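Peer 1: Sequence and predicted model, in that order:
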Amino acid sequence: MIEIPGYSIVRTLGKGGMAEVYLAIQQSFEREVALKVLAPHLTGDDTFSERFLREAKIVSRLVHPNIVTVYDVGIQGDSHFLSMEYIPGEDLKQSRSDLSLVDRINVVKDIARALNFAGKKGYVHRDVKPENIMLHAEDGRAVLMDFGIARPSELNTGMTQTGTAIGTPHYMSPEQARGQDVDPRSDLYSLGVVLFLLLAGHVPYDADSAVAVGIKHVAEPIPLLPSELQIFQSIINKALSKEPAHRFQNGAEFVAALDTISESELREIEQIVERSQLHHRDLEAQVDTDAPTVISEALVAPGDVPASGGVKSAFTGSVNNPVSEPVKLPSSDVKTDPDVEASEDNSAIDELTETQHRASVWPWVAGLLVAGGIGYLVYFQQQLPVHQRTQVVDAIFDRITGWVEQVGGSELAGIDDDTEQSSSDTESSSMPSSQAVEASLQQDLSPSVTTEAIGPAGVPAPSSNPSSPIASVPVVSVLEQREQQLSQASALLKALPDDLDQGGEVADMYRTLLGQNPTDIEARQGLQSVRSIYENKARAALAGKDYAQVERVLEQAQAAFPLTSQDPRLEKIRTALRQQQQIDQWMEDAQRYAGDNALSQPQGGNAMEMYQRVLELQPQHLAAQQGVASVLKRLASGVERRMNRGEWQRASQNLQAALSVAPDNQKLQQLQATLERKRQIRRLAKAARRQRQQGDVFAPAGANTLQSLRKILALEPDHAEARQAVDSLEQGLASQVEQHIQAGAWDNARAQIARALAYFPNSTELQQLKAINEQAIWDAQQPRIDQLRVSHRIIDSLQGPQSTSLAVDGLIYVGFDFNNFGVETTVVNAHLFEGEPAIEVAQIPVILTRNQGEQYFRFEPPLQGFAQGRYRLEMILQGQSLVSTRFDIEAALPAVQSPLAPVSETP
């Protein structure tokens with residue numbers, strides 16, 4: 001086995017005439033690759049080496065999911081190799097019989113996308129065929145392989161000069177078969193052949209030789225698909241158009257055309273084909289349509305195809321949509337090449353060369369004459385009634401055989417005997433052209449034909465001369481009659497859309513032609529056009545909801561085509577008619593039920609159910625969609641009204657009925673959540689009332705009034721009743737704290753505040769009460785004087801009211817109680833002030849040695865005595881006033897001189 005550095009060969013994947021492909025492991029990336037190695041006998045051929053290397057360069061520029069990816073290219077010794085993406089799976093030739101119709105169309109779309117991409121880059125593949133299309137076993141994509149003969153469309157290299165055909169004959173475009181320059185539209189033609197193969201099970205053109213296949217691509221009309229596949233005919237017609245300008249101009253257009261047929265339609269078509277057994281499951285062609293790629297001189301030379309004045313094609317196109325356009329053929333005039341004009345010195349060599357040339361040409365000339373004659377015979381024979389076709393075959397064949405012997409026999413004999421041939425002028429005059437063949441046949445086949453030779457129903461009458469079968473065939477009359485019948489049928493066909501009653505007559509005319517010639521394509525296409533007119537008219541009436549007209553058109557179609565009851569397209573219209581009538585009835589019922597407010601009940605008689613039946617048949621029915629939306633909106637509004645009125649049971653019933661028909665409706669789901677929330681709130685409110693009655697306001701944990709109320713607020717923060725109830729509980733606790741503070745029960749207040757804050761940690765009022773209580777406690781612990789009395793007499797008790805007016809006769813007596821002064825000696829200063837502004841008239845330090853008790857002292861009058869007026873006594877400790885009192889002295893008395901006695905404490 002071959003060895004390529006950097007690659008480990010696993011096994012052989014395939015082998016062809018030019019290269020061998022291996023499954024290998026690329027060691028640097030440890031990945032599977034397809035390793036393509038040029039055949040050893042070609043490595044010395046610069047042309048094939050150039051082509052091989054060009055393939056790598058081309059594909060390396062085409063990075064697309066539907067084009068094989070190239071990783072590496074190189075030369076190792078005598079081996080030219082190409083490393084590319086390994087596509088596990090089978091090619092289209094192997095797997096097409098296992099594919100559904102949907103899968104086959106998807107394959108064509110994938111390759112059309114690949115060709116669209118390559119075409120934009122300016123490259124033509126030139127060999128699109130099933131063997132070059134791989135189906136990836138893992139992701140299902142179709143991948144275009146083998147760009148070995150691809151080249152830039154604008155580049156004209158020596159490998160693909162004009163006059164050389166490269167590709168596979170069955171898939172070649174007409175211009176490719178002629179060996180002419182090609183562009184990306186040629187690849188789209190080849191893809192059209194692949195599409196035809198996937199649909200019909202065989203290629204559109206087939207023959208015993210590559211040359212004959214090429215001629216058919218150039219000259220023959222596009223074949224018709226079976227009636228069950230007529231939906232694809234317009235696509236096939238455009239893809240296989242003889243003229244590139246009339247084809248799809250790029251792969252995107254091809255994909256867009258296929259996209260007009262939905263997957264559901266494809267599945268329906270496949271079912272119809274299977275039921276009618278018109279589509280063979282094996283899809284194997286009757287001949288080897290997957291022929292190898294050919295690189296040779298042009299398959300179709302100009303002389304191989306009849307000129308415009310030659311034999312007329314039996315098919316020129318349908319009435320509305322031509323299947324193929326007239327073939328434009330190159331001129332058959334031969335121009336002399338100056339390089340082959342001989343000199344006198346080389347006359348002997350020229351003579352020998354001319355002899356050899358004639359020897360090689362005459363067999364082909366003879367063959368072409370035979371083919372041309374037989375071709376005309378086949379065409380002519382097909383125009384005759386079936387019972388007369390065999391009468392002319394022997395006579396015509398004898399005539400053609402005579403021509404061949406006359407034209408080629410002596411020349412062929414001369415070649416064998418090495419004798420000198422006649423001049424080219426003589427040869428030319430002795431060779432009948434295709435036009436001469438036709439004229440001679442017409443002359444021999446219709447010596448004395450008149451219209452009287454035509455029997456009933458256009459069938460030629462039997463000959464009166466049994467010894468002359470040719471003379472009995474009224475060729476001209478048969479052809480003229482056919483053309484006349486076609487002309488009459490075409491005229492009626494044009495008027496048929498305006499007068500459908502004429503359809504039976506038109507159909508009968510085409511059926512008559514088909515009875516004479518079952519292969520008459522124009523008659524077959526005309527009959528199909530009649531059917532299509534009925535179909536289009538019925539569809540138009542159905543779209544306009546003119547059901548009576550639909551019935552009339554179907555009845556007319558039934559009369560024109562007695563077997564149309566089995567026609568799948570007309571049956572589809574009948575089904576659609578019945579379906580639309582049923583839909584209209586359901587829509588009418590739905591509107592009536594909605595007017596009666598029977599929105600979702602009772603079962604079988606409500607608006608929602610009717611709308612849903614319509615949408616089951618036509619999911620995009622706009623009026624039904626709007627009807628469903630309207631019903632759901634009304635159901636939701638009804639549920640909300642009942643919820644707002646507190647009709648919870650009715651609201652729940654209506655909501656469940658609505659959800660049973662629209663379980664995924666977002667609005668109904670929101671209402672369901674709201675209804676459930678309301679239900680929980682009602683349950684919690686009822687529990688809160690019961691717990692309060694039982695005294696379980698703050699306890700036990702998990703089953704008290706406060707927690708039930710807070711659960712309500714968690715479900716609905718704006719619930720007014722729950723919010724008011726919680727605030728009431730907080731205010732009750734605050735009131736209890738205030739009572740304790742006012743009573744001086746600061747410790748009780750402190751305990752109550754701690755408990756209340758456990759329930760309401762964020763309560764501003766409780767926080768304020770806590771501060772007040774703490775201040776009261778602090779104040780109660782400071783030194784204080786609660787009672788202070790002043791008198792003009794000796795004070796023996798602090799009980800009783802303080803007099804505001806004193807009749808002082810000399811001394812002023814003072815008494816006070818004190819608390820929280822500690823056990824250390826403390827001095828409190830008594831200051832006596834007179835008048836406003838106040839003037840201090842006396843000051844006495846009062847010494848205290850106990851924590852609490854009563855203290856008495858007196859003020860001695862000044863020398864002039866205490867004047868009449870307003871006085872203020874203030875007790876100050878360390879600069880802070882503890883207590884003060886005000887009094888008046890009514891009359892001043894003479895002062896008594898005596899020393900100020902020390903102040904004493906009263907125990």
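Peer 2: Structure received.
Peer 1: now the end-to-end length of stretch 512-521.
Peer 2: In stretch 512-521, first residue to last residue: 13 Å (C-alpha to C-alpha, to the nearest Å).
Peer 1: Next: stretch 94-103.
Peer 2: 14 Å.
Peer 1: how far does that stretch sit from the chain's center?
Peer 2: With C-alpha atoms, centre = their mean, to the nearest Å as the basis, stretch 94-103 stands 24 Å off its chain's centre.
Peer 1: three-state assignment of residue 795?
Peer 2: Secondary structure assignment for residue 795 (DSSP: H, G, I helix; E, B strand; the rest coil): coil.
Peer 1: separation between it and residue 861?
Peer 2: Relative to residue 861, residue 795 is positioned 17 Å away (C-beta to C-beta, to the nearest Å). Where C-beta positions appear, they are placed from N, C-alpha and C, glycine not excepted.
Peer 1: wait, what's in contact with residue 236?
Peer 2: By C-beta atoms under 8 Å, 6 or more residues apart in numbering, the contact set of residue 236 is 192, 195-196, 199, 204, 222, 225.
Peer 1: you'd agree it is in a helix?
Peer 2: Yes - under three-state DSSP, residue 236 sits within a helix.
Peer 1: Now for residue 545: which residues touch it?
Peer 2: Shown in contact with residue 545 (C-beta under 8 Å, 6+ apart): 580, 584.
Peer 1: Nearest residue to the one residue sitting closest to the centre of the chain in space, ignoring adjacent ones along the chain?
Peer 2: For the chain, the residue nearest the mean C-alpha position is residue 259 (13.2 Å; C-alpha atoms, centre = their mean). Beyond its immediate neighbours in the sequence, the residue positioned closest to residue 259 (C-beta to C-beta, 6 or more residues apart in numbering) is residue 109, lying 7.8 Å away.
Peer 1: per-residue pLDDT, the one you found?
Peer 2: According to the prediction, residue 109 has pLDDT 98.
Peer 1: re earlier: in CSV, list the contacts of residue 236 along with secondary structure, distance to residue 727 and pLDDT.
Peer 2: CSV is the format used below for the contacts of residue 236 (DSSP: H, G, I helix; E, B strand; the rest coil; distance: C-beta to C-beta, whole Å; pLDDT from 0 to 100):
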residue, secondary structure, distance to residue 727, pLDDT
192, helix, 84, 98
195, helix, 81, 98
196, helix, 86, 97
199, helix, 82, 95
204, coil, 91, 96
222, coil, 90, 94
225, coil, 85, 93
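Peer 1: By neighbours, which of those residues wins?
Peer 2: Most neighbours among the contacts of residue 236, by other C-beta atoms under 10 Å: residue 192, with 27 neighbours.
Peer 1: Please list all residues in contact with that one.
Peer 2: Residue 192 neighbours (C-beta under 8 Å, 6+ apart): 235-236, 239-240, 247.
Peer 1: What's the mean pLDDT across the helix or strand that contains residue 134?
Peer 2: For residue 134, the host element (DSSP states H and E) is strand 133-136. Across strand 133-136, the average pLDDT comes to 95.
Peer 1: Identify the residues contacting it?
Peer 2: Counting by C-beta under 8 Å, 6+ apart, 68, 87-92, 95, 107, 111, 141-145, 194 sit against strand 133-136.
Peer 1: Tell me where the stretch 201-350 of the chain has helices.
Peer 2: Here the stretch 201-350 of the chain has its helices, by DSSP state H, counting those that start in this stretch, at 210-219, 233-239, 251-259, 263-276, 347-383.
Peer 1: weakest of those helices by average pLDDT?
Peer 2: Averaging pLDDT over each of the helices of the stretch 201-350 of the chain puts helix 347-383 lowest, since it has a mean of 44.
Peer 1: Could I get the buried residue list for stretch 222-242?
Peer 2: 222-225, 227-230, 232-233, 235-242 (16 or more other C-beta atoms under 10 Å).
Peer 1: now swap in stretch 690-705 and tell me
Peer 2: Counting neighbours by 16+ other C-beta under 10 Å, stretch 690-705 gives 691-692, 696, 698, 704-705 as buried.
Peer 1: so what's the closest residue to residue 688 other than its chain neighbours up against?
Peer 2: Spatial nearest neighbour of residue 688, chain neighbours left out: residue 708 (3.8 Å); criterion: C-beta to C-beta, 6+ apart. Neighbouring residues of residue 708 by C-beta under 8 Å, 6+ apart: 684-685, 687-688, 691.
Peer 1: mind running it again at 6 Å?
Peer 2: The contact partners of residue 708, taken as C-beta atoms under 6 Å, 6 or more residues apart in numbering, are 684, 687-688.
Peer 1: From residue 582, how far off is it?
Peer 2: 57 Å.
Peer 1: Tell me, how many residues neighbour the residue nearest to residue 205 when sequence neighbours are not counted?
Peer 2: Closest residue to residue 205 apart from its sequence neighbours, by C-beta to C-beta, 6+ apart: residue 216 at 3.8 Å. Residues near residue 216, counting by other C-beta under 10 Å, number 21.
Peer 1: That concludes my questions; thank you for your assistance.
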